[in-house]
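> model the following, please.
(one chain, ligands or ions: 1)
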Amino acid sequence: MSQRPPDRRTKTQENSLFLHEACKALEYNDQVFELLSGASREIRVQIPLLRDDGSLEIFYGYRVQHHNALGPFKGGLRFHPSVNLAGSRRLAALMSLKSALVKVPFGGAKGGIDCDPRSLSHRELESLTRAFVEKIHRGIGPSLDIPAPDIGTNDQIMAWIQNEYSKIYGYTLGVVTGKPLLIGGSEGREEATGTGVAIVVREHARHHAEEIEGKTVVIQGFGNVGTHAAKAFHSHGMKVIAVSDSRGGVFDQSGLDIDALCSHIDAGARVSAYEGAKAITNDHLLKLSCDYLVPAALDGVIDENMAGKIRARIVVEAANSPTTYAGDKILADRGITVLPDILANAGGVIVSYFEWVQNMQQMPWKKERVIEELTEKLSWASDQVFAVATGNECRYRQAAYLIAARRLREAVAMTSN
Ligand code: NAD
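Modelled structure (predicted):
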C-alpha cells in the first residue's frame, strides 16, 4: 500500500473511477492504479497571440502524455474554452486504454488550447497553432507523440502543425494524423470515427441476432463524428430521428433527410436553422424515446441528473467520456445498455494508426483497404468485449476496461526498470 499523502496523487476523476473498479477486479494494488490513472508527463505552455485588432491575448496550451509502454503517445488536440490540464489528463488516460483495447501500437495523450476557434480569424487561428508547435515541438514527433484532430480542430490545423514541425526537423509526415489527403492524410480518416461507431452498433446487433434496419437513432453533436455516424447509420437503413449542435437540434419521428441536413451544414448553417424538421433543445433531444442514443459532443452530458431521464434502449458513446460514473450506475440500474467510448469511438485511432503506417512506409492505401481493415479490427475488439462481458457477467464498459487495463499493466511491467 502506498503511504504517500493523497495530494501527490492524480486527482480522482470520472474514468479513474471506472479504472479503479477494473484494477480492483484484477487485484492490482494501489501503486498499479496510481500508475495507470496518472500521467507520465504534463506540458502546459503560455501562448501570447496578437489579435487582428492589435490587442494582446494570452491563451494556454496543454499536452498530457499518459503512457507509452505500448507505443508512442497518441491522442487528439482540442481547441475549446473548456480545455485544461485536468480534462486533458483524464482524456489522455482514456486514449491509452482505447489503444490497448483495440491493439494499436500506441500509448495515450491528449491536449489542446483553451480557445474558441469560432471567435478567431483564419490568420489568428494559424498563428496560435504555429505558436503552440513552437512551444511543444520537443515533446511531439512520429515516434514520440502524435496529435490528431478533436473538438474544434481539423485537417487544416493538422497541416499547420505538420508544416511548423517540419521547419525544425525536416519534412515529417508522421508527426500528426488527420491531415489533408494531399499531404499524407489517409483515405477514410475523416469519416473513420463515425463509421466505426456504426460498425460497433452493427456488431452488437449481430451478437444479439437483432436487425438494425429501421431502428431509431438520436445523435447529440453534429460535427465530424456526429455527421459521419449519421451517414453510416443512414446507409445501414437506420432512421436518424434527431440531431443537434451546441445551439440546439431538429427532430422528425419519420427520419431526417441526412443528405439534405449535411448539405445545410456544409453551407455553414446551424442545425436548428434547418427547415425540413421540427426544432428541439439539446435537453429535450437527450430524453427522446429511441433505440440508440449517440452522444457525439462533449464530456459528462449523461450525469446523475440526466441518466434517469434517458429513454433510449442503448447508449452509444461516440464522444469521449459522455457518461459520468454516477450516471453510468443509474443507466445500469435501469437496464440501459452502454457501448463504451473506448470501443465505440476507437475507429478514429485505428485509422490514425493506418495513416501513420502509410506515412512511415510512404505508401498510400486505397479506401477499400482502410475500411476493410477498420471493420476487421473493430469487429475483433467488439467480440472480445462481448465475450469478456458474458464470461464475467459484467457490463461492456467493465469488460473493455478489464481487457485494456490488463494489457497496459503487462506492457508497463515488461518495460519498467
Ligand atoms: P467537432 O468539433 O467536429 O464537433 C462537435 C459537435 O458537438 C459540434 O456539432 C458542436 O456544435 C457540438 N456541441 C458542442 N457543445 C455541445 C453541446 N453542449 N450540446 C450539443 N452539441 C454540442 O468534434 P468531433 O471531432 O466530432 O468530436 C466529438 C466527440 O467525439 C468528442 O468527445 C471527441 O473527443 C470525440 N472523438 C472524436 C474523434 C475524432 O476523430 N474526431 C475520435 C474519437 C473521439
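> count of neighbours near the residue in the chain positioned nearest to the ligand?
Here the residue of the chain nearest the ligand is residue 223; by Cβ to the nearest ligand atom that distance is 1.7 Å. The C-beta positions use only the backbone N, C-alpha and C, and glycine is treated the same way. Residues near residue 223, counting by other Cβ atoms under 10 Å, number 18.
> which ones are touching it?
The neighbours of residue 223, taking Cβ atoms under 8 Å, 6 or more residues apart in numbering as the test, are 151, 245, 296-297.
> out of those, show me where the pLDDT dips lowest.
pLDDT across those is lowest for residue 151, at 93.
> which strand or helix spans residue 209?
Assigned by DSSP states H and E, residue 209 belongs to no helix or strand.
> what about it, how many neighbours?
As a burial measure, residue 209 scores 6 neighbours (other Cβ under 10 Å).
> can you give me the pLDDT of it?
With respect to pLDDT, residue 209 has a value of 97.
> over to the one 10 residues further on?
In the predicted model, residue 219 carries a pLDDT score of 98.
> begin at 35 from now on, thanks
Sounds good: first residue 35 from here, last item residue 253.
> confidence score at residue 69?
Each residue has a pLDDT score; the one for residue 69 is 87.
> show me the contacts for the nearest residue to it once chain neighbours are set aside.
Residue nearest to residue 69 in three dimensions, not counting chain neighbours: residue 446, with 6.4 Å by Cβ to Cβ, 6 or more residues apart in numbering. Residues in contact with residue 446, defined by Cβ under 8 Å, 6+ apart, are 69-70, 101, 103.
> got it, and residue 130?
Contacts were defined as Cβ under 8 Å, 6+ apart; by that measure residue 130 touches 70, 100-101, 104, 141-142, 438, 442.
> out of these, who's nearest residue 374?
Comparing these against residue 374 with Cβ to Cβ picks out residue 438 as the nearest, at 10.1 Å.
> name the element that closest one belongs to?
Counting by DSSP H and E, the element that carries residue 438 is helix 430-449.
> what residues sit buried inside that helix?
Buried residues in helix 430-449, counting neighbours by 16 or more other Cβ atoms under 10 Å, are found at 430-443, 445-446.
> does the ligand sit close to stretch 91-100?
No. Under the criterion of Cβ under 6 Å from any ligand atom, the ligand is not reached by stretch 91-100; the shortest gap measures 13.9 Å.
> buried ones in that stretch?
So, applying 16+ other Cβ under 10 Å, buried residues of stretch 91-100: 93-100.
> stretch 160-171 too?
Going by neighbour count (16+ other Cβ under 10 Å), the buried part of stretch 160-171 is 160-167, 170-171.
> ok, stretch 330-349 next?
For stretch 330-349, the neighbour count (16+ other Cβ under 10 Å) marks 330-333, 335-337, 340-341, 344, 346, 348-349 as buried.
> so which elements touch the longest strand seen in the chain?
Longest strand in the chain by number of residues (criterion: DSSP state E): strand 90-101. When contacts are defined as 3 or more Cβ pairs under 8 Å, 6 or more residues apart in numbering; DSSP states H and E, strand 90-101 sits against strand 75-84, strand 107-113, helix 119-135, strand 142-147, helix 156-170, strand 179-183.
> the stretch 285-434 of the chain: helices as residue ranges?
Per DSSP state H, counting those that start in this stretch, the stretch 285-434 of the chain carries helices over the ranges 292-300, 316-320, 359-367, 375-378, 381-395, 401-426, 430-449.
> out of those helices, which is the most enclosed?
Burial among the helices of the stretch 285-434 of the chain, expressed as mean neighbours by mean count of other Cβ atoms under 10 Å, is greatest for helix 375-378, which shows a mean of 30.
> around the ligand, pick out the residues from the stretch 135-284 of the chain.
Applying the criterion Cβ under 6 Å from any ligand atom, the portion of the stretch 135-284 of the chain that neighbours the ligand consists of 183-186, 227, 254-260, 278-280.
> any weak-confidence spans in this protein?
Residue ranges of the chain with pLDDT under 70: 35-49.
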